[in-house]
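**Q** Sequence and predicted model, in that order:
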Amino acid sequence: MKVKAIIPFKKEGAKTRLGAFLTEKEREEFAICMLKDVLVAVSGSEIEEARIISTCSKLNFELDEELKLTVREDERGLNEVLNEVIREEKEPVLIIMADIPLATSESINELVRREEDVVIAPGRKGGTNALFLRRPYEFFVSYYGISYLKHVEMAKRRNLSYVVYDSFFISVDIDEVDDLIELVVHGKGFSAEYLRAIGVCLRVDKEAKVGR
């Protein structure tokens, strides 16, 4: 089965909730590292083609992995651009966020091998970190807020079979400082290495925290 990965990505002004911990330049560099980790996971999976939908005009990095990769620049809102894209897709697609650096090729394979029309991999705070659509043209995405529940409701409304795919590695999205703890503990890719390079470490007293 041919599946295309769609990866929304924002570089400029990325991860503002990390602003008290990382500088703007560091946040942008960190966002690129997380995107690279996601691309490595996708390229090692059964998916052979990926499209990054980015708000920035240039992504200056190279990836050694073999993956048919295209970049589409689009400054419109996430829902607007994604719904336009999936309306035109006749083959299955996996929409996967660019800020889940612990995602693995194995978890992606398990997700896209499901037989349901819609497979929803939620984040820890009710978002949707990965969304597999067997017939994307029949679906309508609604990100932001508790999007996981919105996507469950959309599947029901469209009479599409669905399943919730529970994966720790896909559930860890990085938005706030405390989220970095999981990445420092479990990360082995570009993102974790970047944090180590700029002096981010784990401090354990009565509770775990990251510091510099």
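**A** Nice, I can see it. Numbers count the residues shown, from 1 in each chain.

**Q** just how off-centre is stretch 27-45 within its chain?
**A** 9 Å (C-alpha atoms, centre = their mean, to the nearest Å).

**Q** ugh, wrong one, stretch 197-212
**A** With C-alpha atoms, centre = their mean as the basis, stretch 197-212 stands 24 Å off its chain's centre.

**Q** Compute the first-to-last residue distance for that stretch.
**A** Stretch 197-212 has an end-to-end distance of 11 Å (criterion: C-alpha to C-alpha, to the nearest Å).

**Q** One more: stretch 92-99?
**A** Terminal-residue distance, stretch 92-99 (C-alpha to C-alpha): 22 Å.

**Q** Stretch 204-212 now?
**A** End to end - C-alpha to C-alpha - stretch 204-212 spans 13 Å.

**Q** Could you list the residues in contact with it?
**A** By C-beta atoms under 8 Å, 6 or more residues apart in numbering, the residues outside stretch 204-212 that reach it are Phe21, Val177, Asp178, Leu180, Ile181, Val184, Ile198, Gly199, Val200, Cys201, Leu202, Arg203. C-betas here are computed from N, CA, C, even on glycine.

**Q** For the closest residue to the first one other than its chain neighbours, the count of nearby residues, please.
**A** So that's Phe21. Once flanking residues are discounted, Phe21 sits nearest to Val177: 4.9 Å by C-beta to C-beta, 6 or more residues apart in numbering. For Val177, the neighbour count with other C-beta atoms under 10 Å is 17.

**Q** Report the separation between Val177 and Pro101.
**A** Counting by C-beta to C-beta, to the nearest Å, the gap from Val177 to Pro101 is 15 Å.

**Q** With Thr23 instead?
**A** Taking C-beta to C-beta, one finds Thr23 at 19 Å from Pro101.

**Q** Now intersect the contacts of stretch 204-212 with the strands, please.
**A** Per DSSP state E, strands hold the following members of the contacts of stretch 204-212: Cys201, Leu202, Arg203.

**Q** so the first one bridges to which residues?
**A** Read that as Cys201. Cys201 forms beta bridges with Gly211, as assigned by DSSP bridges.

**Q** residues near it, how many?
**A** 11.

**Q** which residues does it contact?
**A** Taking C-beta under 8 Å, 6+ apart as the criterion, Cys201 is in contact with Val184, Val210, Gly211, Arg212.

**Q** Not counting residues beside it along the chain, what's closest to the second one?
**A** Using C-beta to C-beta, 6+ apart and skipping residues adjacent in sequence, the residue nearest Val210 is Leu180, 4.7 Å away.

**Q** for this protein, which residue is closest to the average position?
**A** Of all residues in the chain, the one closest to the mean position by C-alpha atoms, centre = their mean is Met97, 1.8 Å from it.

**Q** isn't it right up against Ala130?
**A** Yes - under the contact definition of C-beta atoms under 8 Å, Met97 touches Ala130, with a separation of 7.0 Å.

**Q** re the thing from before, give the contact list for the residue nearest to Phe21.
**A** Contacts for Val177 (C-beta under 8 Å, 6+ apart) come out as Arg17, Leu18, Ala20, Phe21, Val210.

**Q** Mark which of the residues you listed are buried, thanks.
**A** With neighbours counted by 16 or more other C-beta atoms under 10 Å, the contacts of Val177 contain buried members at Leu18, Phe21, Val210.
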